[in-house]
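Trainee: next comes the sequence, and after it the predicted model I'd like to discuss.
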Amino acid sequence: MDPKLGRMAASSLLALLLLLEGGMFSSSPPAGLLEKLFQYIDLQQDAFVQTLKDWVAIESDSVQPTPRFRRELCRMMAVAADKLRRLGASVDSVDTGSQQLPDGQSLPIPPIILAELGNGPKKPTVCFYGHLDVQPAARGDGWLTEPYVLTEVDGKLYGRGATDNKGPVLAWINAVSTFQALEQDLPVNIKFILEGMEEAGSVALEELVQKEKDRFFSGVDYIVISDNLWVSRRKPAVTYGTRGNSYFTVEVKCRDQDFHSGTFGGILNEPMADLVALLGSLVDSSGHILIPGIYDHVASLTEEEKNIYKSIDLDLEEYRNSSQVKKFLFDTKEEVLMHLWRYPSLSIHGIEGAFDEPGAKTVIPGRVVGKFSIRLVPHMNASVVEKQVKHHLEDVFSKRNSSNQMAVSMVLGLPPWIANINDSQYLAAKRAIRTVFGTDPDMIRDGSTIPIARIFQEIIGKSVMMLPLGAVDDGEHSQNEKINRWNYIEGSKLFAAFFLELAKLHE
């Protein structure tokens, strides 16, 4: 017999014994249910990893807009819908139309899955959001393994989408299937919303959430997102906030054509010199934003929040070394985390119109565009920030007495998201983490912008929590993305324990 088949047969036999021992015909949960759930997940871990391998093999790239990748995306959504139907869920694959691209082609948007399992009137209803699309990946980009072939090396499962976000989606499904395998009633009602365009801006998602507010989401009590990472390799975390983002362009123009510096240098205001001065006026060498009033509405730091930063498990030296940075702007763990999460930051991203080819070019650009963004935090408002930025740059530009034209535009304004960490589902998650991992979680924020959390909170008006499974070194979006087998399997246990803890709080 094939050794792998032998292991699968033994695993199935042990699972059957667990079913019988657990009282599979009993209508009430048996003693030690949690232990039996965990044992079953351990026994089925090879099967769970195989399913993740099957899903990673689907090249569901939403970033490259080609017919082939869109077919793969639609296939991925169909596979997930079938998986949920086999769990007994009612599944609606919602057609959201097509996407018109700048080059004139039209491509289908993969359907968004809305699934429901259970409708007990006395049970809390928790909705899980996940996405099944991935970033582009190719072996030639620097991957050590084939990106769409899940490959295990030293307990690490390498493959595109393993941690972002197919692994966490499957961990949630694994938890549900474990209750069913043990013929135990799910302690909560569960809903799924799964999309295939998150990496491309969640096309059509917000409109669907708004449309389904009073139908699919009407009975939802809690929303859980597992689409980010811990700040540690071994210590779990719960995420309760993200920064927003205001993205700006500032254009300085003399004329549409470029100039020869030998012919015109020294007799005109050069657009690049104006732009460099404008960009240089935004932030100082210590990272402090120089725009007047920008810090006026930043939430005050409380003693409770200070204590949260102190307890977070972060080796600052290891973090700096892994980042390949010689020195951070701040010397303590608390200062670094606060400036990543709860204070605004300004980053300059690039300049359009500048000649960046190798060699000694002597051209004066006639028009240049600078790009920069400000990460927003509670209680900053994007429209207020827009006015502050424009006023500041207009003031700086006027003092240069330049004959050029300047125009400032805010092209993106996404607000921050912050949650109440004393909500029931946060308490349930902490208890579940203690049970599975034997430690309290790091309570963290994310310095980036994750719009879906804000969308759910604003439209549905319910508690939103981010419950990550991946370790800090998983490399989402980069080469050699992975999820540890331990994180994937223990994460499946975490969700099972979370269901039970959430139900307890509603008894």
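Mentor: Okay, I see it.

Trainee: so Ser463 sits against Ala419, correct?
Mentor: Yes - contact criterion Cβ atoms under 8 Å: Ser463 and Ala419 qualify, at 6.7 Å. Glycine gets a C-beta too; all of them are placed from N, C-alpha and C.

Trainee: overlap in contacts, these two.
Mentor: In terms of Cβ atoms under 8 Å, 6 or more residues apart in numbering, Ser463 and Ala419 are both contacted by the residues Tyr426.

Trainee: distance of Leu205 relative to Tyr319?
Mentor: Distance of Leu205 to Tyr319, given as Cβ to Cβ, to the nearest Å: 33 Å.

Trainee: just Leu84 next, same as before
Mentor: 38 Å.

Trainee: so the two - more neighbours on which side?
Mentor: Set side by side, Leu84 and Tyr319 show more neighbours around Leu84, with 22 against 17, by other Cβ atoms under 10 Å.

Trainee: please name the residues that touch the more buried one.
Mentor: Val91, Ile113, Ala115, Leu117, Ile173, Phe192.

Trainee: how about the backbone phi and psi for it?
Mentor: Dihedral pair for Leu84: phi -70, psi -40, per degrees, to the nearest 10.

Trainee: what does Leu157 give?
Mentor: According to degrees, to the nearest 10, Leu157 has phi -100, psi 100.

Trainee: so it is in contact with Asn484, correct?
Mentor: Yes - using Cβ under 8 Å, Leu157 is in contact with Asn484, at 7.0 Å.

Trainee: any idea how far Lys399 is from Ile294?
Mentor: Here the criterion is Cβ to Cβ. By it, Lys399 lies 19 Å from Ile294.

Trainee: same question for Arg86.
Mentor: In terms of Cβ to Cβ, Arg86 sits 52 Å off from Ile294.

Trainee: ok, those two, which is more surrounded?
Mentor: Neighbours were counted for Arg86 and for Ile294 using other Cβ under 10 Å; Ile294 has more, 21 against 12.

Trainee: and stretch 257-269, how far out from the chain's middle?
Mentor: Relative to its chain's centre, stretch 257-269 lies at 47 Å (Cα atoms, centre = their mean, to the nearest Å).

Trainee: correction: the previous question concerned stretch 294-311.
Mentor: Centroid displacement of stretch 294-311 relative to its chain, using Cα atoms, centre = their mean, is 23 Å.

Trainee: again with stretch 64-81
Mentor: 20 Å.

Trainee: list the contacts of it.
Mentor: Residues contacting stretch 64-81 (Cβ under 8 Å, 6+ apart): 54-55, 58-62, 91, 93, 99, 101, 105, 107-108, 110-111, 113, 115, 132-133, 136, 169, 194, 196-197, 200.

Trainee: next, Ser383: secondary structure please.
Mentor: Secondary structure, DSSP: H, G, I helix; E, B strand; the rest coil: Ser383 is helix.

Trainee: ok, the closest residue to Leu170 other than its chain neighbours - contacts?
Mentor: Sequence neighbours aside, Leu52 is the residue nearest to Leu170 in space, at 5.5 Å (criterion: Cβ to Cβ, 6 or more residues apart in numbering). Applying Cβ under 8 Å, 6+ apart, we find Leu52 in contact with Leu150, Leu157, Gly159, Ala162, Lys166, Gly167, Leu170, Tyr488.

Trainee: buried ones in whichever strand or helix holds Leu52?
Mentor: If you go by DSSP states H and E, Leu52 is part of helix 45-56. For helix 45-56, the neighbour count (16 or more other Cβ atoms under 10 Å) marks Gln45, Phe48, Val49, Thr51, Leu52, Lys53, Trp55, Val56 as buried.

Trainee: pretty sure the third one contacts Gly159?
Mentor: Which is Val49. No - at 10.7 Å, Val49 does not count as touching Gly159 under the criterion of Cβ under 8 Å.

Trainee: common neighbours of those two, please.
Mentor: In terms of Cβ under 8 Å, 6+ apart, Val49 and Gly159 are both contacted by the residues Leu150.

Trainee: show me which pair in the contacts of Leu52 is furthest apart.
Mentor: Within these, Gly159 and Leu170 form the most distant pair, 12.3 Å apart (Cβ to Cβ).

Trainee: mean confidence for the strand or helix carrying Ile173?
Mentor: Here Ile173 sits within helix 167-181, counting by DSSP H and E. Helix 167-181 shows a mean pLDDT of 98.

Trainee: what's the offset of it from the middle of its chain?
Mentor: Relative to the centre of its chain, helix 167-181 is centred 20 Å away, using Cα atoms, centre = their mean.

Trainee: got it, and stretch 171-186?
Mentor: Chain-centre distance of stretch 171-186: 25 Å, with Cα atoms, centre = their mean.

Trainee: pull out the buried positions in it.
Mentor: For stretch 171-186, burial by neighbour count (16+ other Cβ under 10 Å) applies to 171-179, 181-182, 184, 186.

Trainee: once you drop chain neighbours, what's closest to Val385?
Mentor: Spatially, and ignoring its direct neighbours in sequence, Val385 is nearest to Ser246 (5.1 Å; Cβ to Cβ, 6+ apart).

Trainee: isn't that neighbour right up against Gln388?
Mentor: No - the pair Ser246 and Gln388 fails to qualify as a contact (Cβ under 8 Å) at a distance of 9.9 Å.

Trainee: those two: which is more packed in?
Mentor: Set Ser246 next to Gln388 and count neighbours by other Cβ under 10 Å: Ser246 wins out with 27 against 19.

Trainee: next helix or strand past the least confident helix or strand in the chain by mean pLDDT?
Mentor: Of all helical and strand segments in the chain, the minimum by mean pLDDT, DSSP states H and E falls on helix 3-21, at a mean of 46. Using DSSP H and E, the next helix or strand after helix 3-21 towards the C-terminus is helix 33-43.

Trainee: same question for the strand or helix carrying Ser347, mean pLDDT?
Mentor: Ser347 belongs to strand 345-352 when assigned by DSSP H and E. When pLDDT is averaged along strand 345-352, the result is 96.

Trainee: for stretch 291-301, same thing?
Mentor: Rounded mean pLDDT across stretch 291-301 is 97.

Trainee: residues near Ser62, how many?
Mentor: Number of residues near Ser62 (other Cβ under 10 Å) recorded here: 28.

Trainee: give me the helices and strands touching the helix or strand harbouring Glu305, please.
Mentor: Glu305 belongs to helix 303-311 when assigned by DSSP H and E. When contacts are defined as 3 or more Cβ pairs under 8 Å, 6 or more residues apart in numbering; DSSP states H and E, helix 303-311 packs onto helix 333-341, strand 442-446.

Trainee: change it to 7 Å
Mentor: Contacts defined by 3 or more Cβ pairs under 7 Å, 6 or more residues apart in numbering; DSSP states H and E place helix 303-311 against helix 333-341.
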